[in-house]
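*Asks:* The amino acid sequence is not available; the structure is as follows:
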């Protein structure tokens, strides 16, 4: 059973504020109670905004060494409790333990990388005398905090997604209000508490980092206040689009959905490609925006590749996420399970063939491979967010790239090939925020600029790039 590592209530302003409402957080695998989490409301969200605005200028003026020290100290404190945090992530998300361990590692890396980027947050001088009118002038620019940041995280990686928003905001000198997904607030509460205490110990205000739980009313209150400097959201395209409309003209950073493609070229190492589908299609039970969903195979190697993939699929162990060997477990809730199962049935009705899995056993969607899924089926066109890989074959590598691009999404894609020509053709032509060659599209480096195009969003994450997004340039000219 989870035991809170912080005071009761929600961290709003300098203190923790009690809430009238609480909600049960349940273990998705068997429904057992993990904890009762505090639930905020719109009034508390507005209170958090006011508190953030009160400290905005003082946070923006915090010395670099204070911001840097707070992030490093938070890393050390969380590292000391990594076993407990890992257990908590398993319980509140239902993700397999191996995936929760990776999430924790990446969250810790995000804190240290953001801390290191504090030393690189600077501007430069410019030659104003390129025109005669600029003679005798000195010009330079600096980066300044954008203001109060609202960070809204998804349920699938609650600790990591919150860290991706919180750490760069603090490094940039911006107060931040975090809103976790209603299903998974616990690890994020722990993270926020640790960062607040580390910041206070370093000489900063706790109100620089706040958290408000709740539903749509809380999100609306946070994102529609015109005094907010930026909103950073990770979640579905539909919700992201609505936030962008409601928040305008506030800057909005959106990390949205995808139906990531993996292309197997005629010259690919088929064993490596099959391994990538096994690793990339089913990790986190398929609840990852860059997991392999669309598998596009060039015709000459179709049958051989499918044979090798079929020989490996049984390796994907289904069961209790607390088990070290488990790779697929229950989705976040019954509604998600029902939706994925319905999309599989609809694809079959449209002409697809189930070559592995396809059912639900003990509340868990089986690792599934769908063959010849037609365009127009949700399992191909939309983000399924479950352990389902949809396969189509095409006549050539060029046609494969065209099929990758024939999607409203554009987050990540990967290509398996041994050809440099194919490699650079893919990098040049594929319309996504990231192209990965001979690895899974879900290989995400937290030190690279991560983000998408089209309906997969706008803006980039990764501490260095998120800090740039959360700062504005200020020009200075002196005669």
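*Replies:* Yep, it's here. The structure displayed is predicted, hence computed values, not measured ones. Numbers count the residues shown, from 1 in each chain.
*Asks:* Which of the residues in the lengthiest helix in the chain are classified as buried?
*Replies:* In the chain, with assignment by DSSP state H, the single longest helix is helix 97-117. Buried residues in helix 97-117, counted by 16 or more other Cβ atoms under 10 Å: 97-104, 106-117. No exception for glycine: its C-beta is placed from N, CA and C like everyone else's.
*Asks:* Other residues contacting that helix?
*Replies:* 67-68, 71-72, 74-75, 78-79, 82, 85-86, 89-90, 93, 95, 157, 159-160, 163-164, 167-168, 170-171, 191, 283-284, 321-324, 326-327, 446-447, 463-464, 467 (Cβ atoms under 8 Å, 6 or more residues apart in numbering).
*Asks:* Try it again at 6 Å.
*Replies:* With contacts defined as Cβ atoms under 6 Å, 6 or more residues apart in numbering, helix 97-117 is touched by 68, 71-72, 74-75, 82, 85-86, 89-90, 157, 159-160, 163-164, 167-168, 171, 283-284, 324, 446-447, 463-464, 467.
*Asks:* where are the low-confidence patches of the protein?
*Replies:* Along the chain, segments meeting pLDDT under 70 span 1-5, 444.
*Asks:* Taking the centroid of this protein, which residue is nearest it?
*Replies:* The centre of the chain sits closest to residue 161, judged by Cα atoms, centre = their mean, with a distance of 4.9 Å.
*Asks:* residues contacting it?
*Replies:* Per Cβ under 6 Å, 6+ apart, neighbours of residue 161: 153-154, 234.
*Asks:* if we can go back for a sec, mind listing which of the contacts of helix 97-117 are in helices?
*Replies:* Among those, the ones falling in helices (DSSP H) are 68, 71-72, 74-75, 82, 85-86, 89-90, 159-160, 163-164, 167-168, 171, 463-464, 467.
*Asks:* Filter the contacts of helix 97-117 down to the buried ones.
*Replies:* Buried among these by 16+ other Cβ under 10 Å: 68, 71-72, 74-75, 85-86, 89-90, 157, 159-160, 163-164, 167-168, 171, 283-284, 446, 463-464, 467.
*Asks:* Report how many residues lie close to residue 80.
*Replies:* Neighbour count for residue 80, taken as other Cβ atoms under 10 Å: 11.
*Asks:* And the helices in the stretch 251-400 of the chain, which stretches?
*Replies:* 270-282, 302-312, 334-349, 378-381, 397-405 (DSSP state H, counting those that start in this stretch).
*Asks:* so what's the residue of the chain positioned farthest from its centre up against?
*Replies:* Distance from the C-alpha centroid of the chain, by Cα atoms, centre = their mean, peaks at residue 132 (49.1 Å). By Cβ under 6 Å, 6+ apart, no residues touch residue 132.
*Asks:* quick one, strands of the stretch 301-450 of the chain?
*Replies:* 353-356, 360-361, 364-365, 368-371, 388-394, 409-410, 412-416, 434-437 (DSSP state E, counting those that start in this stretch).
*Asks:* Could I get those in a markdown table, plus columns for distance to residue 228?
*Replies:* Formatted as a markdown table, these follow (distance: least, Cβ to Cβ, whole Å):
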| stretch | distance to residue 228 |
| --- | --- |
| strand 353-356 | 47 |
| strand 360-361 | 41 |
| strand 364-365 | 38 |
| strand 368-371 | 41 |
| strand 388-394 | 37 |
| strand 409-410 | 27 |
| strand 412-416 | 29 |
| strand 434-437 | 28 |
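*Asks:* just those: most buried one?
*Replies:* Comparing the strands of the stretch 301-450 of the chain by mean neighbour count (mean count of other Cβ atoms under 10 Å), strand 412-416 ranks first with a mean of 28.
*Asks:* Quick one: list the elements packing against it.
*Replies:* Contact here means 3 or more Cβ pairs under 6 Å, 6 or more residues apart in numbering; DSSP states H and E; on that basis strand 412-416 packs against strand 261-264, strand 434-437.
*Asks:* and with 7 Å instead?
*Replies:* In terms of contacts (3 or more Cβ pairs under 7 Å, 6 or more residues apart in numbering; DSSP states H and E), strand 412-416 is packed against strand 261-264, helix 270-282, strand 434-437.
*Asks:* Buried residues, the second one. List them.
*Replies:* Same thing as helix 270-282. Under 16+ other Cβ under 10 Å, the buried positions of helix 270-282 are 270, 273-282.
*Asks:* Could you find the closest non-adjacent residue to residue 229?
*Replies:* Setting aside the residues directly before and after it, residue 229 is nearest to residue 147 in space (Cβ to Cβ, 6 or more residues apart in numbering), at 2.6 Å.
*Asks:* For the helices of the stretch 251-400 of the chain, give me CSV that also has distance to residue 199.
*Replies:* Output for these, formatted as CSV (distance: least, Cβ to Cβ, whole Å):
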stretch, distance to residue 199
helix 270-282, 37
helix 302-312, 47
helix 334-349, 36
helix 378-381, 44
helix 397-405, 43
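*Asks:* Would you mind telling me which of those is nearest residue 12?
*Replies:* Among these, helix 334-349 comes nearest to residue 12, with 29.9 Å by Cβ to Cβ.
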